[in-house]
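>>> A structural model of the following input is requested.
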Amino acid sequence: MKLNEQNLLRLPTAIARPAYALEEVRAGIAHIGVGGFHRAHQAAYTDALMNLGEGMDWGICGIGTRAEEKTMRDALAAQDYLYSLVELDDRPDTQVRAIGSIRDMLLVADGSEAVVARLADPAIRIVSLTITEGGYCMDESTGQFDASLPQIQHDLAMPRQPISVFGLLCAALAKRRGAGTAPFTVMSCDNLPHNGDVTRRALLSFANLVDAELAGWIDQHVSFPNAMVDRITPMTSPAHREALRDRHGIEDAWPVVCEPFVQWVLEDRFVNGRPAWEKVGVQFTDDVTPYEEMKIKLLNGSHLALTYLGFLCGYRYVHETMEDPLIRRYVQQYMDQDVTSQLAPVPGIDLDDYKRTLIARFSNRAIADQLERVCSDGSSKFSKFSVPTINRLIADDAELDRAALVIAAWALYLRGVDKNGERYRILDPRLEFCQQLVAVDEGLADRLLGREDIFGTQIPRSPAFRAAFERNLARLRSLGVKGTLEALLAEA
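Numbers count the residues shown, from 1 in each chain. Predicted structure coming up:
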């Protein structure tokens, strides 16, 4: 049975369906970057609120800025923007839900004027983002907005036909300002530290290049709440589609699979209203920082700690990697000995319980989370997920080998061959540049660690960290992952 509005009432009883009439949903949120995570997270929370009979004016209109998002739009449009959300783990009571909170999707490729007009519509009161770490156009080495990027240069030259996220936001806010319409809140749902602050800095930087008066108005009237978001959401595979069809009889062109765990901690700073997401589990707070640091350093940092080692060993899934007792012990030690002491108390969270939950989540066989997904964009992820931990270890004159091994494993991973001689695909927009850094053994440490846009300023200036990196890189080359971990764990 094809998933669409006509067939909703015919879905199997095991499938949770919207408890609201789709025609009653009106868009109050425009979301830029409709991918798996958004559909498993913000859109799912919004659907849950609508199932309580609330928030019908907070439906979602998707916005696509990249050419490849046409495939997503076409798939969703063909099934009335409904999609299946499938929770996966070893429990028998995991949910399958049909989600209806997304009601439309526009593509910049079809005309940016229509996108700007939609963002300028007074009904849109929140514009949310999942555009990945690299989508914020920030130069990691300087912390400044990178106006040299092609899409930014295009929008500076043609501000009435924007193609970038920040060009679209500025054009829409200029229209709202001119019409006397209240501004919208810009809400990042991306997995990076202080995501609201980063968004604000990027948007104001772009706006100042276009119209200083507009930038001042944005600074005064637009809010950018910080958020901590969490749900492991693997890439949808043909096997996921087939399983949904075989087990439930549903044909869904683009379902979403995810773990049952979900978390969203959000600063309550909205200038034009918001959904009552607290009724469906969102935690609102005045300061998201302690939750954010806990999640980024423990979950995301540990993901990087295991992912490149796993790939080098020939594994392709996170759960396979965690079934390797050496890697599992290493990840546990990284959490306990390198990260935990750096974290401030987190209200309502027991860190030992949280770490146990992480180990269980990483070990979830049913979700089959791909290492390729976790490995992707390493050149952008290190500065956010690993470097802050390493900087603190350096400052504290602490043990550096476990943290240095993460970087050493990435250096070998960039060679693109695992221990079995199998070649693999590497997803990183800066892949060619990064591979040049590790192509020649001589001087590798200087070239790689000296990249301040990846590793900041403290790591290149630390002889102790460089020694730890070179020591672990030499071990990986001579002993392999297994021998390196045996030596490292024995020393610990």
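
>>> domain-wise, how is this protein divided?
Structural domains assigned to the chain are 5-285, 289-491, following automatic domain parsing.

>>> redo the ones you listed as TSV? Include mean pLDDT.
Listed next are the domains of the chain as TSV, based on pLDDT from 0 to 100:
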stretch	mean pLDDT
domain 5-285	95
domain 289-491	96
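
>>> mean neighbour count added to these, as TSV?
C-beta coordinates here come from the backbone N, C-alpha and C atoms, glycine included. TSV is the format used below for these (neighbours: other Cβ atoms under 10 Å):
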stretch	mean neighbour count
domain 5-285	19
domain 289-491	18
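
>>> ranges for the strands of the stretch 201-350 of the chain?
Assigned by DSSP state E, counting those that start in this stretch, the stretch 201-350 of the chain shows strands spanning 227-230, 256-258, 263-267, 283-285.

>>> in CSV, list the ones you listed along with distance to M158.
Shown next, in CSV, are the strands of the stretch 201-350 of the chain (distance: least, Cβ to Cβ, whole Å):
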stretch, distance to M158
strand 227-230, 32
strand 256-258, 35
strand 263-267, 34
strand 283-285, 39
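
>>> wait, which of those is closest to M335?
M335 lies closest, by Cβ to Cβ, to one member of the strands of the stretch 201-350 of the chain: strand 227-230, at 15.6 Å.

>>> shouldn't V229 be in contact with V282?
No. Counting by Cβ atoms under 8 Å, V229 stays clear of V282, with 10.1 Å between them.

>>> shared neighbours of those two, anything?
W264 (Cβ atoms under 8 Å, 6 or more residues apart in numbering).

>>> which helix is the longest one in this protein?
As assigned by DSSP state H, the longest helix anywhere in the chain is helix 463-491.

>>> so how far is that helix off the chain centroid?
Here helix 463-491 is found 30 Å from its chain centre; the criterion is Cα atoms, centre = their mean, to the nearest Å.

>>> start at 598, not 1
Got it, first residue is 598 now, which makes that one helix 1060-1088.

>>> OK, contacts around I829?
Counting by Cβ under 8 Å, 6+ apart, I829 touches 855-856, 858, 958, 961, 964, 966.

>>> L896 versus that one, what's the distance?
According to Cβ to Cβ, to the nearest Å, I829 stands 9 Å off from L896.

>>> ok, now G630?
Look at G630 and L896: by Cβ to Cβ, they are 21 Å apart.

>>> N648 now?
According to Cβ to Cβ, N648 stands 28 Å off from L896.

>>> repeat that for R1072.
R1072 sits 26 Å away from L896, going by Cβ to Cβ.

>>> got it, and Q929?
With Cβ to Cβ as the criterion, Q929 and L896 are 14 Å apart.

>>> that older thread, which members of the contacts of I829 are the farthest-apart pair?
For the contacts of I829, and using Cβ to Cβ, no pair is farther apart than F858 and D966, which are 12.2 Å apart.

>>> contacting residues around the residue nearest the centre of the chain?
The centroid of the chain falls nearest to N788 when counting by Cα atoms, centre = their mean (4.2 Å). Counting by Cβ under 8 Å, 6+ apart, N788 touches 730, 826, 893, 897.

>>> ok, residues contacting the strand or helix carrying C1031?
Per DSSP states H and E, C1031 falls inside helix 1028-1035. Residues from elsewhere that reach helix 1028-1035 (Cβ under 8 Å, 6+ apart): 975-976, 1008-1009, 1011-1013, 1025, 1041, 1044-1045, 1048.

>>> ok, 10 Å please
Helix 1028-1035 has contacts (Cβ atoms under 10 Å, 6 or more residues apart in numbering) with 974-976, 1007-1013, 1022-1023, 1025, 1027, 1040-1041, 1043-1048, 1051, 1070.

>>> these in helices, which ones?
975-976, 1007-1010, 1041, 1043-1046, 1051, 1070.

>>> Serialize those residues to TSV and add fields for distance to F982.
TSV is the format used below for these (distance: Cβ to Cβ, whole Å):
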residue	distance to F982
G975	10
S976	12
W1007	12
A1008	17
L1009	19
Y1010	15
L1041	22
D1043	23
R1044	22
L1045	17
L1046	17
I1051	12
L1070	20
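
>>> ok, these vs E737, which is closest?
Closest to E737, out of all of the ones in helices among the contacts of helix 1028-1035 and judged by Cβ to Cβ, is I1051, at 6.6 Å.

>>> what separation do you get for the closest one and M919?
To M919, I1051 is 26 Å away according to Cβ to Cβ.

>>> apart from its chain neighbours, what residue comes closest to S977?
E730 (4.3 Å; Cβ to Cβ, 6 or more residues apart in numbering).

>>> that neighbour reaches D974, doesn't it?
Yes. Counting by Cβ atoms under 10 Å, E730 touches D974, with 6.3 Å between them.

>>> which residues touch L600?
Neighbouring residues of L600 by Cβ under 10 Å, 6+ apart: 608, 612, 675-677, 679-681, 695, 841, 845, 847-852.

>>> try it again at 7 Å.
Going by Cβ atoms under 7 Å, 6 or more residues apart in numbering, L600 touches 676, 679, 681, 695, 847-849.

>>> and those residues, which two are the farthest apart?
The widest separation within these (Cβ to Cβ) is 12.5 Å, between A695 and E848.

>>> circling back: out of the strands of the stretch 798-947 of the chain, flag the one nearest R1063.
Once the strands of the stretch 798-947 of the chain are compared by Cβ to Cβ, strand 824-827 is nearest, at 32.5 Å.

>>> how much space between the closest residue to K1079 other than its chain neighbours and A1087?
Computed as Cβ to Cβ, 6+ apart, the closest residue to K1079 that is not its neighbour in sequence is L923, at 6.3 Å. From L923 across to A1087, the span is 11 Å (Cβ to Cβ).

>>> before we move on, what about D816?
For D816, the distance to A1087 equals 55 Å [Cβ to Cβ].

>>> alpha carbons of the strand or helix carrying D752, as PDB, please.
Taking DSSP H and E as the definition, D752 sits inside helix 747-754. What follows is helix 747-754, C-alpha atoms only, in PDB (Å, rounded to 0.1, in the frame of the first residue of the first chain):
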ATOM      1  CA  PRO A 747      30.800  30.900  -4.100                       C
ATOM      2  CA  GLN A 748      27.200  30.900  -2.900                       C
ATOM      3  CA  ILE A 749      27.900  33.900  -0.700                       C
ATOM      4  CA  GLN A 750      29.600  35.800  -3.500                       C
ATOM      5  CA  HIS A 751      26.600  35.000  -5.700                       C
ATOM      6  CA  ASP A 752      24.200  36.500  -3.100                       C
ATOM      7  CA  LEU A 753      26.300  39.600  -2.500                       C
ATOM      8  CA  ALA A 754      26.200  40.200  -6.200                       C
END
